[in-house]
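A predicted structure for the sequence below; I have some questions about it.
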Amino acid sequence: MGRITLDKVTKAFGEVEVIPPLDLTIDDGEFVVFVGPSGCGKSTLLRLIAGLEDVSSGEIRIDKQPATHLPPAKRGLAMVFQSYALYPHMSVRKNIAFPMKMAGIPEAEQNRKIEDAARVLNLTDYLDRRPGQLSGGQRQRVAIGRAIVREPAAFLFDEPLSNLDAALRVGMRLEISELHERLKTTMIYVTHDQVEAMTMADKIVVLQKGVIEQVGSPLELYNAPRNIFVAGFIGSPKMNLIEGAEAAKHDAHTIGIRPEHLAASKDAGEWKGTVTVSEHLGSDTYLHVTETGLADTMTVRVGGEFGVKHGDTVFLTPDATKIHRFDAQGLRIG
Amino acid sequence: MARAVTTQRKAINTLIAWIVGLLIFFPILWIFILSFHSEGDAIKSPLEVITSTWTFESYATVQERSNYFRHFWNSVVISVGSTVLGLIIAVPSAWAMAFVPGKRTKDVLMWMLSTKMLPPVGVLLPIYLICQNLGLLDTRIALVFILMMINLPIIIWMLYTYFREIPGEILEAARMDGASLREEVIYVLLPMAVPGIASTLLLNIILAWNEAFWTLTLTAAKAAPLTAFIASYSSPEGLFYAKLSAASIMAIAPILIMGWFSQKQLVRGLTFGAVK
Amino acid sequence: MATKASRTAARAMISPSVILLLGWMLIPLGLTIYFSLLRYNLLMPGARPFVGWENYEFFITNPAFTTALINTLLLVGGVLLITVIGGVLLALLLNLEMWGQGIVRILVIAPFFVMPTVSALVWKNMFMNPVNGLFGYLAKGLGLEPFDFLSQAPLASIIGIVSWQWLPFATLILLTAIQSLDSEQLEAAEMDGAGPFSRFFYITLPHLARAITVVVLIQTIFLLSIFAEIFVTTNGGPGNASTNLTFLIYKESLLSFDVGAGSAGGVIAIILANIVAIFLMRMIGKNLDA
């Protein structure tokens, strides 16, 4: 069971409060992603849950048991670090065995679990190597293996993919998602990459300056961002934000429209602008449009190939049902 | 300077460097040569020395007449003892400062270093009198303790700079994996720091082995290490060149070899990490 | 990574060394200062009356003190000059491309590992002895009168011996520093038309400035306390010609058993050393932040 509750948790380093009072409940078996720009407190929050940092005030409960003052070892959680944090002087086998050795599990059972984990993670052939002899992806899997064998109440991942190259990252993303499907254990995953958040999470927690901006499923966040920050952070390319007269037409201080919800035409449309750059991805074309009189630059995503070049005039038409409206405080209207 | 240098240029460099190197090394080479000659041959002119017969007799005489091995053993006990004791005290401190740094960690480190700046002669009398009152003059225990205290700041500093290169995440991983503090240090930190600990050990043994203030002022016959033993050759016996040479070679050989192995770490240790 | 538990553990783990070093510093230091204010001679048992500055006055007005102070400065300054200039030249030489660089390096640093008593005696007997020393033979071979180094020029001889011991230290550190110089910088300077001398003075030397400062400061700390080399060669003489402050205090303390005057000298030595130490600590402290 891995239900984790944070109750009015705060964290201050000296005078600086990095996390103001924060409440959060993570249900058993959920895949929760903490996402936000660097310095938003997401890693600190994870470390508070792990017990690597003390909370300044508030309560943490794991499985309804108070865990606020338990040392990390006693919380029954496993963590996968950004740098993998493998023990370089131990073989892969010993690395995976370490938590079991600390827990005093009999050797026979240790070996059985190591074999199981190695099979699942494709590490069987590498068990006697040192971490230094492995590739980045393999190291990542060893770190996961070390976490699995503990059968923790929850897995904590601290930006585990940021040291991998782009291609490997996609692969590992899938592997972690599959692992979650199979184990059904609570996972808390910290990342600054909103794509990872959108693709992996059951529930996303968007953080900024230690404050939770929104909690919800990926699609809730995409379809109904609670404020301008979440609107801008979730989705790629970023949502276009328009202020002024055009926003006033919709009874809002600011309106937002996602690049994929703008239609582009060479002949006619609601807004007119000039193309500065058009990026051809093959499957899509991204147009960067200026001189619309709405915002500095508007980004448009057009399916397939769209033949315009620098200096051409385009017309843009928003999908009226997909316009997000925000008030002067940046909060969503309606 | 990745460019290739002409062979001629390289030959000239080699020649000059070898001449200079041999000149600097010459005194050591010379006592090495003298130590293998009889007392009568050793005081002849240089050319005659080299051409006279080589013999081991001086080494045998040194041991017979002066109980060389007792002094050698004193040196071993004092240098290894003080260093190992220092390490045992320093490892926890270095762990604390490297991995749980606080606001005052830097000040504590600097203060520890400042104790190293105290000139030994400034505290000679109190230490001498304390040893006298406790009956510790001319004992190895006193020297082990004093040299441990002298080198403790260097040991802590060296360990600290090595520990700082170990990512804290690995220790945190151990903590998450259920290791207690003791287990974290024994199973994870120490094995990872083996190279750093080894060079700390080596450098401090060298420093303690060659220490020649306290060993000269606080020992007489019983606990005298090699530094003091060699000093006893300072007057009339010093004219027995072959014996002095043999005794000197035996006194410096172990450290010379250790020193050559630790030359890379030496810079870092002796400059407290200011030059790497 | 700091929880209350780990901070408590850290405090517990750091305390043995802090307590030991604090004791090591305060107890002898306090006693030295205390003794320096007493009339206290081991040869004259009885009362040890408080005499205030008398010991300091006695120590400073002793003509030997001025000599020792000048000798100390000459010794430290002379050795520094020789080792720094020699060290820079040697480091430049060793950084050139050559065959057997590793071996030359080993030869050059060897003297540093020779214990002070050995190197002093070897130089005294095998080289500087006017009758049987190598320099004597060399002089005779050239038809010159052998020179008795240790009685004619005792301080200069000791400076020579100590320089031989410390030259490797300076060389090793400066070589390490030279090797950390980015060769692209030198190549860029060469592209800009700088000759070998301008490259040395405008690029290499400024790069070495830090390492040179470190060498100067660390050596100063050790050189202020030179003892064994004097102890086994000249015993401070002839007269006080090669007595430095350390040796003078040793003589007052353990040869004349004048605890009061010796302690006063000790306090003076501590003050002098601290002036150097402050500069050194600043250098190292700056490096801690980097």
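On my side now, so go ahead.

rest of the way, CA atoms for contacts and neighbours
Will do.

near chain C, which residues of chain A? Just list them.
Within chain A, the positions adjacent to chain C are A:51-54, A:71 by C-alpha under 8 Å from any C-alpha of the partner chain.

show me which of those neighbour chain B.
Counting by C-alpha under 8 Å from any C-alpha, the members of those near chain B are A:Leu52.

and the residues of chain A next to chain C as CSV, adding neighbour count and pLDDT?
Output for the residues of chain A next to chain C, formatted as CSV (neighbours: other C-alpha atoms under 10 Å in any protein chain shown; pLDDT from 0 to 100):
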residue, neighbour count, pLDDT
A:Gly51, 27, 90
A:Leu52, 22, 90
A:Glu53, 21, 89
A:Asp54, 22, 88
A:Pro71, 22, 88
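
what's the closest of the residues of chain A next to chain C to chain B?
The shortest approach to chain B among the residues of chain A next to chain C belongs to A:Leu52, at 7.2 Å (C-alpha to the nearest C-alpha).

phi, psi of that closest one?
For A:Leu52, the backbone dihedrals (degrees, to the nearest 10) come out as phi -80, psi -20.

that one touches B:Leu171, doesn't it?
No - under the criterion of C-alpha atoms under 8 Å, A:Leu52 is not in contact with B:Leu171, lying 10.6 Å apart.

the residue of chain C found nearest chain B: neighbouring residues, count only.
Proximity of chain C to chain B (C-alpha to the nearest C-alpha) peaks at C:Gly266, 3.7 Å away. By other C-alpha atoms under 10 Å in any protein chain shown, 29 other residues sit near C:Gly266.

B:Leu22 contacts C:Arg105, doesn't it?
No - with contact defined as C-alpha under 8 Å, B:Leu22 does not reach C:Arg105; the gap is 10.3 Å.

which of those two has more neighbours?
C:Arg105 (23 against 16).

check that one and give its pLDDT.
Residue-level confidence at C:Arg105 comes out at 89, pLDDT.

give the buried residues for the helix or strand harbouring it.
C:Arg105 belongs to helix C:101-109 when elements are defined using DSSP states H and E. By 16 or more other C-alpha atoms under 10 Å in any protein chain shown, the buried positions in helix C:101-109 come out as C:101, C:104-109.

give me the contact list for that helix.
Counting contacts by C-alpha atoms under 8 Å, 6 or more residues apart in numbering or on different chains, the residues outside helix C:101-109 that touch it are B:14, B:17-18, B:21-22, B:24-25, B:260, C:94, C:168-169, C:171-172.

can I get those residues in a markdown table with secondary structure?
Shown next, in a markdown table, are the contacts of helix C:101-109 (DSSP: H, G, I helix; E, B strand; the rest coil):
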| residue | secondary structure |
| --- | --- |
| B:Thr14 | helix |
| B:Ala17 | helix |
| B:Trp18 | helix |
| B:Gly21 | helix |
| B:Leu22 | helix |
| B:Ile24 | helix |
| B:Phe25 | helix |
| B:Trp260 | helix |
| C:Leu94 | helix |
| C:Pro168 | helix |
| C:Phe169 | helix |
| C:Thr171 | helix |
| C:Leu172 | helix |
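
any idea which of these is least confident?
B:Trp260 (82).

who's in contact with stretch C:30-43?
Contacts for stretch C:30-43 (C-alpha under 8 Å, 6+ apart): B:122-123, B:125-126, C:48-56, C:257-264, C:266-267.

out of those, which end up buried?
B:122-123, B:125-126, C:54-56, C:257-264, C:266-267.

flag the shaky bits of the stretch 151-290 of chain C, pLDDT-wise.
C:287-290 (pLDDT under 70).

again, only using 80
C:182-183, C:186, C:193-195, C:237, C:254, C:256, C:276-277, C:279-290 (pLDDT under 80).

tell me which parts of it are close to chain A?
So the stretch 151-290 of chain C never meets chain A (C-alpha under 8 Å from any C-alpha).

ranges for the helices of the stretch 151-290 of chain C?
Taking DSSP state H, counting those that start in this stretch as the test, the helices found in the stretch 151-290 of chain C are C:154-179, C:183-191, C:196-199, C:205-223, C:228-233, C:245-250, C:259-289.

same question, the stretch 1-150 of chain A
According to DSSP H, counting those that start in this stretch, the stretch 1-150 of chain A carries its helices in the segments A:42-50, A:92-103, A:107-120, A:136-148.

can you dump the C-alpha atoms of the shortest one in PDB for me?
Provided in PDB are the C-alpha atoms of helix A:42-50 (Å, rounded to 0.1, in the frame of the first residue of the first chain):
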ATOM      1  CA  LYS A  42       9.800  19.900  -7.000                       C
ATOM      2  CA  SER A  43      13.000  18.100  -6.100                       C
ATOM      3  CA  THR A  44      12.900  19.500  -2.600                       C
ATOM      4  CA  LEU A  45       9.300  18.200  -2.200                       C
ATOM      5  CA  LEU A  46      10.500  14.700  -3.300                       C
ATOM      6  CA  ARG A  47      13.400  14.800  -0.900                       C
ATOM      7  CA  LEU A  48      11.000  15.800   1.900                       C
ATOM      8  CA  ILE A  49       8.900  12.700   1.100                       C
ATOM      9  CA  ALA A  50      12.000  10.600   0.900                       C
END
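
quick check: mean pLDDT across stretch A:76-94?
Averaging pLDDT residue by residue across stretch A:76-94 gives 91.

that stretch and chain B, any residue contact?
Yes - counting by C-alpha under 8 Å from any C-alpha, chain B has neighbours in stretch A:76-94: A:77-81, A:83, A:85-89.

ok, what's across the strand from the closest residue to A:Glu260 other than its chain neighbours?
By the measure of C-alpha to C-alpha, 6 or more residues apart in numbering or on different chains, the closest residue to A:Glu260 outside its immediate chain neighbours is A:Arg301, 4.8 Å from it. Beta-bridge pairing for A:Arg301 (DSSP bridges): A:Tyr286.

how many residues are close by A:Arg301?
A:Arg301 has 22 neighbours, counted by other C-alpha under 10 Å.

and the gap between it and C:Ile218?
According to C-alpha to C-alpha, to the nearest Å, A:Arg301 stands 65 Å off from C:Ile218.

can you name the residues in contact with stretch A:124-135?
Under C-alpha under 8 Å, 6+ apart, the answer for stretch A:124-135 is A:86-93, A:115, A:118, A:139.

and for stretch B:255-269?
Contact with stretch B:255-269 is made by B:154, B:157-158, B:199-200, B:202-203, B:206, B:209, B:273-276, C:106, C:110, C:113-114, C:172-173, C:176, as judged by C-alpha under 8 Å, 6+ apart.

go on, stretch B:131-138?
B:128, B:142, B:218-224.

what about A:Leu183, neighbour count?
Neighbours of A:Leu183 using other C-alpha under 10 Å come to 11.

for C:Phe149, same thing?
19.

could you do C:Pro206 as well?
12.

show me what the helix ranked longest in chain A is packed up against.
Ranked by residue count, the top helix of chain A under DSSP state H comes out as helix A:166-183. Other elements packing on helix A:166-183 under the criterion 3 or more C-alpha pairs under 8 Å, 6 or more residues apart in numbering or on different chains; DSSP states H and E are helix A:194-200.

list of residues touching the following helix or strand past the helix it packs on?
The helix or strand immediately downstream of helix A:194-200 is strand A:203-208, counting by DSSP H and E. Contacting residues not belonging to strand A:203-208 are listed as A:30-37, A:40-42, A:197-198, A:212-218, A:230 [C-alpha under 8 Å, 6+ apart].
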